[in-house]
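> Take this sequence and fold it.
(4 chains)
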Amino acid sequence: MKQKQTAMVVSQQEIAPMIYDMWIETDLAKTALPGQFLCVYPKDRSTLLPRPISICEVRQDQAALRIVYRIAGQGTEEFSHYGKGDTVRILGTLGNGFPVEQAAGKKIFLMGGGIGIPPMLQLAKALNKVTAQENIQIIAGYRDCRTFLREDLERYGRVFPATEDGSVGVKGNVLDAVTAEGLDAEVIYACGPMPMLRAIKRYAEERDIPAYISLEEHMACGVGACLGCVVKTKEIDRHSHVHNARICTDGPVFEAREVDI
Amino acid sequence: MKQKQTAMVVSQQEIAPMIYDMWIETDLAKTALPGQFLCVYPKDRSTLLPRPISICEVRQDQAALRIVYRIAGQGTEEFSHYGKGDTVRILGTLGNGFPVEQAAGKKIFLMGGGIGIPPMLQLAKALNKVTAQENIQIIAGYRDCRTFLREDLERYGRVFPATEDGSVGVKGNVLDAVTAEGLDAEVIYACGPMPMLRAIKRYAEERDIPAYISLEEHMACGVGACLGCVVKTKEIDRHSHVHNARICTDGPVFEAREVDI
Amino acid sequence: MNTQTTIAGVTFKNPVMTASGTFGSGMEYSEFVDLNQLGAVVTKGVANVPWPGNPTPRVAEVYGGMLNAIGLQNPGIDVLMERDIPFLKQYDTRIIVNVCGKTVEDYVEVVEKLGDEPAVSMLEINVSCPNVKEGAIAFGQRADALCHITQEIKKHAKQPIIMKLSPNVTDIAEMAKAAESAGADALSLINTLTGMKIDIHKRCFAIANKTGGMSGPAIKPIAVRMVYQAAHAVQIPVIGMGGIATAEDAIEFILAGASAVSIGAMNFVNPYATVEVVRGIEAYMERYHVEKLTDLIGAV
Amino acid sequence: MNTQTTIAGVTFKNPVMTASGTFGSGMEYSEFVDLNQLGAVVTKGVANVPWPGNPTPRVAEVYGGMLNAIGLQNPGIDVLMERDIPFLKQYDTRIIVNVCGKTVEDYVEVVEKLGDEPAVSMLEINVSCPNVKEGAIAFGQRADALCHITQEIKKHAKQPIIMKLSPNVTDIAEMAKAAESAGADALSLINTLTGMKIDIHKRCFAIANKTGGMSGPAIKPIAVRMVYQAAHAVQIPVIGMGGIATAEDAIEFILAGASAVSIGAMNFVNPYATVEVVRGIEAYMERYHVEKLTDLIGAV
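Down below sits the predicted model:
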């Protein structure tokens, strides 16, 4: 279901420097899928465009969605001041989400880097329905010892942290952790900065395993109309008839081999 | 003292439809004069210019200023939502104010029309120090029976209401009230819509009595720099060297004979 | 109350249209608004062949608006006619197709193909896209070039043509007159204003194309001024656009002389904007007892 | 850290100036900011004789900015030299006088009088005010006219001259080159963009002059683009302005190629804006270890 609505903030807290954790009460939770995202609109009228923020967790019974985001500018700074009972203007749920069924019975990597970690939580929850928990290997790349969401993730899989400063887990990025811990997988799901996704694309292609990567790009409409957020595709895209797919609607999740990043 | 500051709202209530009564805690109260005004700045970044609002009442002991304003657009609409403890961005105190000393021992008209009534309150208070209360005749022109501030005004002078719909006092404008009640005065202080001020200017000139009228005009800077808010003057203005005076700094109060309105 | 407006003999149920490039071909927004409620859907610029557009980032936010340099990515006229027009035909709204090209021949090829599609009521000729190197803008910033392409297209167009003008000119009235003299049936303006944003921390351009077209409420006063100047310079009708977010904005353009208005970037901010503007115009007409919308055109 | 910048041989302690017409002659804002902290005060446009300006309303608010049509009200050059220059001389800041006129002779008369005042470091020639019927803008929207007036003024000017360009043109690079070829020592841009606002309830213009010059953060992306294009078209230095509210905005203009920046309408919103921008630029240079401000000019 795609709808723009004014929802209610259930709670919000800062869980790491500049990183905020907000629960929103909305019936959009009923249809939300792991890997989908919301567009959140600032209230100040000088900042008009929506901020795309991935869905971190879903509680259908409570009609609640959780988003975890980093303050990146005036819009997200405004969001960070919202508290319980405040309204939040959202458009959702958007995007295709991760293909959970591809993991059926398989050994998996969930790779999240920085603010790409949050969508891994709802994905890990969903994957528990299609494969054994010991198959769910969550590799989370952090800057430092502020390993936000780690406890939540540990409830749904084996978590291997990597930190840039080596303060927790393996020193380095998520692929360094894979090597150091001697891990392997049959399917990869990933979200994070572009250099990390490029490395994962190479890693998966070398091993000829599927990697479903969630991409980010500046967006204006969030619904596929403006063609602002495209990614180059290997084949001619069925909708655009050129080598471009829309991240907001054809994505944000793509099989790494399909995109030229 | 002229200063831009972020002050605290002490209280606010709607005292007539679309008309709000706000008390602000600020040390600007210590130097505020009757007839001066504040520039109030909206917080929403899409509306940048200050809203000039006249000072209705001053409590120096409590360092508090009172403003009474009508919702006229997005800015004042925003202000109307402020409550106790909220901040309000103000620049003040601005303008010359009413020449209270001109009323020493004299019989006076204080004429306020609509949202021109509020500045009459602090003026009436101040005039009590220079002339007998029975000399202070406050003629207040309202739209209808919502005679806001009437009780406050009655504490400082004799109040003669006039209403457009005749629901209270004399039916008609402030000059109709003067005629109907058979009133006279040696000095006039007035604030209100331009047609009312023009009529008062004529009335005063016919009787050759001084009339100090407070003018309004769209402002940008409020401090005399932009030359946006000028009024035509009878003589060449000493600052501008043309027939224009700045309402924000040379005014807002002018002796009616000096201006060409 | 009659909200109809007529442009070059084509009657629209109301004056609210979508600005080319902000509404796709209507499909995406049909999930949010009932297209039957709109005066017209103006489709995204289409060329004779598919265009890949510009590299990303293609969009950036600016104070009160946005910059875009999509570069007219489009699937080409054949896909539009086979896929998008049939979709739009299902709705009771007018279809206006925005046409772009790199050469006069490109434009003519598209215009001729559309001549066979009676469901398309009008053609809007985009000679003002600031984001493609060749063609487009080159035709839109010089009066002689604008005259030339207008005349050429008129020779081949079966439908009435709307010339979409660039605001990046010294004298919009001169451009409006040039298009009228060359046979344009109507004008639409403004296209986007060329802008730039620099990321001071990365010290790079916010948009890969360096410059982008600026749209949004921030540009409205410039758009209203140009619509007023253009409408007073020509006899043909003008479609006004540029930062329209509300019915109040739309009415401002109509009072300035616009016979119809288009909602652009604000669709991105509020997907319901178009229909809300339709309802708001009706409310204004009711409040001020305006019987015919046409009584408001240029009524300032 | 060295925040100095040099324009046409004149060195400024920092690149922050005031935009003509938004700061009077400094007296009003000296109550809020220490003028000694500014690179320069650029005074309100002055003519050979007093000008009464336009009828009111002269200003109106628009989304993210404002419109003004003051009409260059000014007390005339004699009052400026007897009253305002002596006031500014008390401060350790550069004085730049903005000069306006209706005819070339008007400009020349003012320029010659200012030649006798060594305290005035530079002259800014306003050929781009959109709010006065004759003169001014007429010189600023045609390259040949801009060339002519620049040459004439150069013949009589003792101080280096800055030609202030209008953004209401098709090709700002062409105008910049025209001024440079005619001998301009520097350029400043952008002046205001011509805009219009209509009150839909009263169905009248918000500004008595109908159109007004638009300024404020809303126009910044257009200003940055034009500063970038002008700075890349000429060798002479460019002073950038248009919607600067913060140090981040100022640095964006400097990266685009501006050797200095001016704060305009935002003085009205925040009387401390100029000094806050000075401090903010210093903080940016410290954060990114920029030793000389000049290293940032055009560094995108």
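> how deep is residue A:129 tucked in, by neighbour count?
The tally of other residues near residue A:129 (other CB atoms under 10 Å in any protein chain shown) stands at 10. Where C-beta positions appear, they are placed from N, C-alpha and C, glycine not excepted.
> Check the gap between residue C:153 and chain A for me.
Residue C:153 sits 24 Å away from chain A, taking CB to the nearest CB, to the nearest Å as the criterion.
> And that residue, how far from residue C:239?
Counting by CB to CB, to the nearest Å, the gap from residue C:153 to residue C:239 is 17 Å.
> Of those two, which one has the most company?
Just comparing residue C:153 and residue C:239: by other CB under 10 Å the higher neighbour count belongs to residue C:239, 29 against 25.
> Model confidence at that one, what's the number?
For residue C:239, the pLDDT comes out at 98.
> same check, this time on residue C:136
Confidence score, pLDDT, at residue C:136: 55.
> Can you classify residue 146 by secondary structure?
Unless you meant another one, I'm taking chain A. coil (DSSP: H, G, I helix; E, B strand; the rest coil).
> think we crossed wires, I meant chain C
Classified using three-state DSSP, residue C:146 is helix.
> Now for it: which residues touch it?
Taking CB atoms under 8 Å, 6 or more residues apart in numbering or on different chains as the criterion, residue C:146 is in contact with C:127, C:139, C:140, C:163, C:175, C:178, C:179, C:182.
> What distance do you get for it to residue C:259?
Residue C:146 is 20 Å from residue C:259, by CB to CB.
> Where does the stretch 151-261 of chain A get nearest to chain B, residue-wise?
residue A:220 (18.3 Å; CB to the nearest CB).
> okay, that residue: pLDDT?
pLDDT, read off for residue A:220, is 96.
> now for the contacts of residue C:146, which pair is the farthest apart?
C:140 and C:182 (12.8 Å; CB to CB).
> out of the two, which sits in the busier spot?
A direct count of neighbours by other CB under 10 Å for residue C:140 and residue C:182 places residue C:140 higher, at 28 against 19.
> so which helix or strand takes in residue A:121?
In this structure, residue A:121 sits in helix A:118-127 according to DSSP states H and E.
> Now do the contacts for residue 253.
Since you didn't name a chain, this refers to chain A. Contacts of residue A:253 (CB under 8 Å, 6+ apart): A:35, A:95, A:96, A:97, A:98, A:99, A:212, A:213, A:214, A:215.
> meant chain C, my bad for not saying
Contacts of residue C:253 (CB under 8 Å, 6+ apart): C:223, C:224, C:227, C:240, C:241, C:242, C:244, C:261.
> Using the three-state scheme, assign it.
Quick answer, by three-state DSSP: residue C:253 is helix.
> That one and residue C:297: what is the separation?
10 Å.
> who touches stretch C:196-206?
For stretch C:196-206, with CB under 8 Å, 6+ apart as the criterion, the contacting residues are C:57, C:60, C:62, C:67, C:207, C:210-212, D:221, D:224-225, D:228, D:248, D:251-252, D:255-256, D:284, D:299-300.
> Need the single longest strand in chain A, by residues.
strand A:3-16 (DSSP state E).
> Can you name the element that comes right after it?
Following strand A:3-16 toward the C-terminus (DSSP H and E): strand A:19-25.
> Extract the CA atoms of that following strand and return them as PDB.
What follows is strand A:19-25 as a C-alpha-only set of coordinates in PDB (Å, rounded to 0.1, in the frame of the first residue of the first chain):
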ATOM      1  CA  ILE A  19      21.900   8.200  15.100                       C
ATOM      2  CA  TYR A  20      18.200   8.100  16.100                       C
ATOM      3  CA  ASP A  21      15.700   5.300  16.700                       C
ATOM      4  CA  MET A  22      12.100   6.300  16.100                       C
ATOM      5  CA  TRP A  23       8.900   4.100  16.400                       C
ATOM      6  CA  ILE A  24       6.000   5.300  14.400                       C
ATOM      7  CA  GLU A  25       2.400   4.200  14.700                       C
END
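> Residue 61: how many residues sit nearby?
Using chain A here. Residue A:61: 8 neighbours (other CB under 10 Å).
> my bad, chain C
Residues near residue C:61, counting by other CB under 10 Å: 23.
> Could you tell me whether it really is in a strand?
Yes. Assignment of residue C:61 by three-state DSSP places it within a strand.
> okay but it is in contact with residue A:49, surely?
Yes. Look at residue C:61 against residue A:49 with CB atoms under 8 Å: they come within range, at 4.6 Å.
> Now do residue 122: how many residues are near it, please.
Just going to use chain A. 26.
> should've been chain C
Residue C:122, neighbours per other CB under 10 Å, totals 26.
> Could you pull up the residues touching it?
Per CB under 8 Å, 6+ apart, neighbours of residue C:122: C:7-8, C:10, C:40, C:94, C:96-97, C:159-162, C:185-186.
> next one: stretch A:57-71 to chain centre, how far?
12 Å (CA atoms, centre = their mean, to the nearest Å).
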